[in-house]
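>>> Can you look at this prediction? I've put the sequence above it.
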Amino acid sequence: MAIVNDSESRSSPYYRALMGTALAMISFGQFNDTKELLSGIYQDITTHFTHQIQYDQLGHLTIGRTISYVEGFFGPPEVIKISKQLPEVQFQYYNIDKAVITIMNHNGRVGGFVVIPIANDFDPLMPYVGKKLHQTLLANQEYSEPEYYFDSYNLTYFAGTQNLGKPYMFLQWVTGFVEYGGLQRSLNTNTLDQQISIRNIAKVNELFIADQQQEVANTILDLQQSEIANFYAYTELDSALVAESLLTRFEFNTYFGAHDGD
């Protein structure tokens with residue numbers, strides 16, 4: 001997460017102009033209006049210079065919450081899709097400026113969720129495991145032998161899922177790479193190139209189609225050691241729903257536009 005010195009944000013022309021307006025309103029006795037303006041200034045500064053608002057939103061997103069509860073923080077979904085694998089699950093998509101969030105609505109409760117950062121420094125603490133994405137190798141094996149999902153046809157992605165076991169009610173933890181994820185990744189101080197990651201995952205898919213199973217296994221092992229995840233998910237349902245919930249390249253650009261990670 002980027003750390004911004006308060007003195008820098010307070011010296012910006014944007015901040016000075018708004019504070020000047022607030023002080024003028026106080027001098028004219030418009031105290032109630034001034035309180036609302038100052039609250040708005042705080043929200044604007046927090047949104048523009050930190051990720052705290054979005055981190056706070058994600059803090060309310062946990063498995064088992066009611067959909068009506070989480071919509072109090074995220075609002076109504078921008079896009080809805082019905083799962084083909086499990087039709088009683090509805091995928092609800094939200095753009096919170098720094099990330100695209102998918103909530104699995106399973107009969108009115110949160111059955112799972114996916115967090116895909118699109119800002120290059122948006123890296124929230126993942127619940128249950130207490131880690132951030134920049135600390136997470138692709139499809140790592142910390143809790144159980146992972147299952148893998150990958151494709152490179154209408155979307156390039158690679159994901160591995162692990163069962164967190166009895167302490168966490170056997171939730172599935174999924175970490176992976178998706179081509180429109182915007183998080184800037186590095187390993188051993190070296191910045192990872194998005195296009196190289198896409199080519200490496202495409203190679204896994206090609207080998208799988210060619211039925212070269214041993215080569216698939218070897219290439220996945222290489223990915224696990226050389227790639228950092230750029231999205232995460234949790235679900236109490238079948239982990240295959242996470243892969244199904246990922247928007248295709250066309251859908252993502254249609255609904256949320258192209259993002260450059262700024």
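Structure's in. What do you need? Values in this document were obtained by computation on a predicted structure and should not be read as measured data.

>>> what's stretch 186-201 in contact with?
With contact meaning C-beta atoms under 8 Å, 6 or more residues apart in numbering, stretch 186-201 is reached by 134, 150, 152, 156-158, 177, 179, 184-185, 219, 222-223, 226-228. C-betas here are computed from N, CA, C, even on glycine.

>>> Among these, which one lies nearest to F73?
Set against F73, the nearest of these by C-beta to C-beta is H134 (24.9 Å).

>>> Just want to check the distance between that closest one and L187.
9 Å (C-beta to C-beta, to the nearest Å).

>>> which neighbours do the two share?
Joint contacts of H134 and L187 (C-beta under 8 Å, 6+ apart) are I228.

>>> Spell out the residue ranges of the helices in the protein.
6-10, 13-27, 31-49, 52-59, 67-74, 194-209, 213-226, 240-245, 249-256 (DSSP state H).

>>> which secondary structure elements does the fifth one contact?
Contacting helix 67-74 under the criterion 3 or more C-beta pairs under 8 Å, 6 or more residues apart in numbering; DSSP states H and E are the following elements: strand 99-106, strand 109-117.

>>> I'd like those as TSV, with mean neighbour count appended.
Output for the helices and strands packed on helix 67-74, formatted as TSV (neighbours: other C-beta atoms under 10 Å):
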stretch	mean neighbour count
strand 99-106	23
strand 109-117	23
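
>>> would you turn those strands into a markdown table with mean pLDDT and distance to L171?
Below are these laid out as a markdown table (pLDDT from 0 to 100; distance: least, C-beta to C-beta, whole Å):
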| stretch | mean pLDDT | distance to L171 |
| --- | --- | --- |
| strand 99-106 | 97 | 12 |
| strand 109-117 | 98 | 9 |
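
>>> export the ones you listed to JSON lines and tack on distance to D193?
As requested, the helices and strands packed on helix 67-74 are exported to JSON lines (distance: least, C-beta to C-beta, whole Å):
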{"stretch": "strand 99-106", "distance to D193": "22"}
{"stretch": "strand 109-117", "distance to D193": "17"}
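
>>> Nearest to P167 among those strands would be which one?
strand 109-117 (18.3 Å).

>>> how far off helix 52-59 does the closest one point, in degrees?
150 degrees (axes from the mean of the first three to the mean of the last three C-alpha atoms, to 10 degrees).

>>> distance between strand 109-117 and the chain's centre?
Relative to the centre of its chain, strand 109-117 is centred 9 Å away, using C-alpha atoms, centre = their mean, to the nearest Å.

>>> Let me see the ranges of the strands in the stretch 51-200 of the chain.
With DSSP state E, counting those that start in this stretch as the criterion, the stretch 51-200 of the chain has strands at 79-82, 89-95, 99-106, 109-117, 147-152, 156-163, 172-178, 186-187, 190-191.
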